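In: Generate coordinates for the sequence data below:
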Amino acid sequence: MVQENGGSKVAGTSHLKRHLEKGTCGATTTANKNASGASTGVSESRKRRYRSPSSAYMAVFNPDVCRQDIARMIIMHDYPLDMVEHPGFQSFVQSLQPQFGAVSVDTIQGECVSSYLSEKQKVMRLIDAMPGRVCLSLDMRMSRNSLAYVFITGHFTDSNWKTQKWILNVVLEPYPDSHNALSHAVACCLSDWRLESKLLSLTLNHPVPEAGLENLRSHLCVKNPLILKGQLLLGQCISHTFTAMVNDILSAGGDIIKKIRDNIKYVTTSENHGEKFLHLKEQLQVPSEVHLFLDDQSQWNTTYQMLVSASELQEVFSCLDTVIPEYKEAPTMEDWKQVESICTHLRSLFDAMNLLASSPCPPAITLFQEGFRIQTTIACAPTGDPFIGSFIKSMQEKIDKYWKECGLILAISVVMDPRFKMKLVEFSFSKLFGEESPLYVKMVDDGLHELFEEYVALPLPSSPAYGGDHGNIDRAEDHNQGGSISEYGLADFDMYIMENTTQQFKSEIDQYLDENLEGRGSNLDVLEWWKQKRSKYPTMSKMARDILSIPVSTTLPESMFSTKPRELSPNARSETLEPFVCTKDWLQHGLTEDFGGLESLVVSDLSNPALKVEF
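Out: Numbers count the residues shown, from 1 in each chain. Predicted coordinates for the structure are as follows:
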């Protein structure tokens, strides 16, 4: 209320005006906010409100860690080292962190090598803790300047009964055709990783002359005790054998494959021809749903699929000249017969390679079954067809050679699977070798028992049952034993104990073979099964642990169908190839800590986020 007294103001509105000008009135503040929200069309409840970080919670820039992250990025993605000197990269980094100065190629190369040495120590500790033996696989690759490098990968089962696979070395071989090229590479690896007495087998992923194999075998005999007289030592990668057989087929059918490819090109590269082809297909009521396509000649699976699709549409090709009069190169009936023969023999190899590509470490049972199936297909091939005869003999020689060199390894690996044991070997050999199968089954059985006896003869593990490390026992205990035992006359007793212990161990393998097979209904982890049975089968479990580490296929899934040898990255440099290749493999397999983007930020308090977002 306003009262007037002689024209003077007793209580006016000036104080209200001053109140509004201060901006402290809650009512007007809310009204203004609502008006602002209405004008922008965004309600306050949908706006993000940021809390500024407290001073105790600031991130600290660490240039050393940033350089390490750049080095690991280059390794992981095969980037060229000189990318750190590219203006675009430097500008990008500066926009992210102005405090980070430019780095040179030499600096980053040093960081890469430092990372390699650090990760190598971790791999070394893993290998030193390996309870059994190691298997090596060798793959030779060429650089663009025709230098050969041997990639050596180690395969083993660790103390947790998990299979491990690590690239260990990349060795330059200036003369890859020399007889001692592989011997030099393997010797470098064994020495580098202290594996001279732990090698079980070698698997080769490329053809090696017989003289080179003999040189390698004799070299390894010097420092490495050979298991089973070296019969497990050298073996070919089965996928390499399959690829060589594919090349036999493609080489024999080269002319007809080119003819089919040219016909497909005639149809697919012209819109007019393609439309007439499809219209004719509808008129002929061909039920096939496939589409014509050209193959990638560096990937033989696409060639196989191209031939299959063309074969399903052969009726359309045969009548195509009725709608395109100038079409004169239609395949004949004899041509299509050859295409059918090519597809028949490629199909079994295509299916086998798909199985191999589906797993980084395909189980031996899969390879045994596929090898058996392919050999059966070859054996059933008609002998009177001259076209089939042009490649089937060479295929037969290759698969026979593989079984001769690797059949024992593969068969023993199958026996180590408690779902099959010797039964699958006996069944498969009876189908494959007929009346001669008992001879081949006996070879596997004899090899299995001989291998078991060699594992029996290995030193017993240190335990209370077999004696521990007496060097760690306090010398004072020697004076309180109540009398020592004389060793005189106990040599025969030691021999008696050894013979009886050996006899006890020998019955272990027969007990395993005589027991019922495990069911095949579940996806059994064979290594885990042996881990659980190691108390019941102490020697057999050690043998299974090593045998199941042997890689019977070492080709990478992405290279399974390639018809060309693998080449190195164009960014590869000889002086850093091994550090880069090995470190990349180790990082990809997760041996090291996760490569995240925030390692260069050192935060003082992780319990409270530096920047909190509320909705």
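
In: hey, let's count contacts and neighbours off CA atoms from now on
Out: Will do.

In: and residue 381, that's in a helix?
Out: No - counting by DSSP: H, G, I helix; E, B strand; the rest coil, residue 381 falls outside a helix, being coil.

In: Now for it: which residues touch it?
Out: Under the criterion of C-alpha atoms under 8 Å, 6 or more residues apart in numbering, the neighbours of residue 381 are 388, 392.

In: backbone phi and psi for it, please?
Out: Geometry field for residue 381 lists phi and psi as phi -70, psi 140, criterion degrees, to the nearest 10.

In: I'd like to know how far it sits from residue 72.
Out: Using C-alpha to C-alpha, to the nearest Å, one gets 53 Å for the distance from residue 381 to residue 72.

In: So the spatially most central residue of the chain: helix, strand or coil?
Out: The chain has residue 360 as the residue nearest its centroid, 4.2 Å off, counting by C-alpha atoms, centre = their mean. On the three-state scheme (three-state DSSP), residue 360 is labelled coil.

In: just checking, it touches residue 556?
Out: Yes - with contact defined as C-alpha atoms under 8 Å, residue 360 counts as touching residue 556 (7.1 Å).

In: For residue 201, which non-adjacent residue is closest in space?
Out: Distance criterion C-alpha to C-alpha, 6 or more residues apart in numbering; nearest residue to residue 201, sequence neighbours excluded, is residue 233 at 4.0 Å.

In: nope, residue 448 is what I meant
Out: For residue 448, the nearest residue in space outside its immediate sequence neighbours is residue 412; the separation is 6.5 Å by C-alpha to C-alpha, 6+ apart.

In: Can you tell me how far the one you found is from residue 378?
Out: According to C-alpha to C-alpha, residue 412 stands 24 Å off from residue 378.

In: neighbour count winner among these two?
Out: The residue with more neighbours, out of residue 412 and residue 378 and counting by other C-alpha atoms under 10 Å, is residue 412; that gives 22 against 16.

In: Check for me that the more buried one belongs to a helix.
Out: Yes - assigned with three-state DSSP, residue 412 falls within a helix.

In: Now do the strands in the stretch 351-500 of the chain.
Out: Counting by DSSP state E, counting those that start in this stretch, the stretch 351-500 of the chain forms no strands at all.

In: Flag the shaky bits of it, pLDDT-wise.
Out: For the stretch 351-500 of the chain, the stretches flagged by pLDDT under 70 are 459-500.

In: thought residue 132 was touching residue 544?
Out: No - assessed by C-alpha under 8 Å, residue 132 is found out of contact with residue 544, at 10.1 Å.

In: what ranges do the strands span in the protein?
Out: Shown for the chain, the strands assigned by DSSP state E span residues 4-5, 8-9, 49-51, 60-61, 134-142, 148-157, 163-173, 199-204, 234-236, 601-602, 612-614.

In: nearest to residue 98, of the ones you listed?
Out: Of all the strands of the chain, it is strand 60-61 that lies closest to residue 98, at 10.5 Å by C-alpha to C-alpha.

In: residue contacts, the residue nearest to residue 552 when sequence neighbours are not counted?
Out: Spatial nearest neighbour of residue 552, chain neighbours left out: residue 237 (5.6 Å); criterion: C-alpha to C-alpha, 6+ apart. Applying C-alpha under 8 Å, 6+ apart, we find residue 237 in contact with 203, 204, 205, 206, 551, 552, 553, 554, 555.

In: The last one is in contact with residue 205, isn't it?
Out: Yes - under the contact definition of C-alpha under 8 Å, residue 555 touches residue 205, with a separation of 7.3 Å.

In: Between the two, which contacts overlap?
Out: Contact criterion C-alpha under 8 Å, 6+ apart; residues shared by residue 555 and residue 205: 237, 240.

In: The stretch 451-600 of the chain: helices as residue ranges?
Out: 491-514, 526-532, 538-547, 577-588 (DSSP state H, counting those that start in this stretch).

In: ditto for the stretch 1-150 of the chain
Out: Listed in chain order, the helices of the stretch 1-150 of the chain (DSSP H, counting those that start in this stretch) span 14-22, 26-40, 63-77, 87-96, 105-128.

In: Tell me the buried residues in the fourth one?
Out: Counting neighbours by 16 or more other C-alpha atoms under 10 Å, one finds that the buried residues in helix 87-96 are 90, 93.

In: Just the CA trace of that helix, in CSV.
Out: What follows is helix 87-96 as a C-alpha-only set of coordinates in CSV (Å, rounded to 0.1, in the frame of the first residue of the first chain):
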residue,chain,number,x,y,z
PRO,A,87,52.8,-32.5,-42.4
GLY,A,88,49.2,-33.8,-42.2
PHE,A,89,50.0,-36.1,-39.3
GLN,A,90,51.9,-33.5,-37.4
SER,A,91,49.1,-31.0,-37.9
PHE,A,92,46.6,-33.5,-36.6
VAL,A,93,48.7,-34.3,-33.5
GLN,A,94,49.2,-30.6,-32.8
SER,A,95,45.4,-30.0,-32.9
LEU,A,96,45.0,-32.8,-30.3
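
In: which other helices and strands contact that helix?
Out: Using 3 or more C-alpha pairs under 8 Å, 6 or more residues apart in numbering; DSSP states H and E as the contact criterion, helix 87-96 has no neighbours among helices and strands.

In: now stretch 515-528, how far from the centre of its chain.
Out: Centre-to-centre, stretch 515-528 and its host chain are 24 Å apart (C-alpha atoms, centre = their mean, to the nearest Å).

In: Residues contacting it, please?
Out: Residues from elsewhere that reach stretch 515-528, judged by C-alpha under 8 Å, 6+ apart: 161, 162, 417, 418, 419, 420, 421, 544, 545, 548.

In: so the first one sits right up against residue 544, yeah?
Out: Right, the one you point to is residue 161. No - the criterion here is C-alpha under 8 Å, and residue 161 misses it with residue 544 at 10.6 Å.

In: So those two - more neighbours on which side?
Out: Residue environment comparison for residue 161 versus residue 544 gives the larger neighbour count to residue 544, 20 against 16, counting by other C-alpha under 10 Å.

In: Local confidence estimate at the more buried one?
Out: Looking at residue 544, its pLDDT stands at 94.

In: Kind regards, and thank you for your time.
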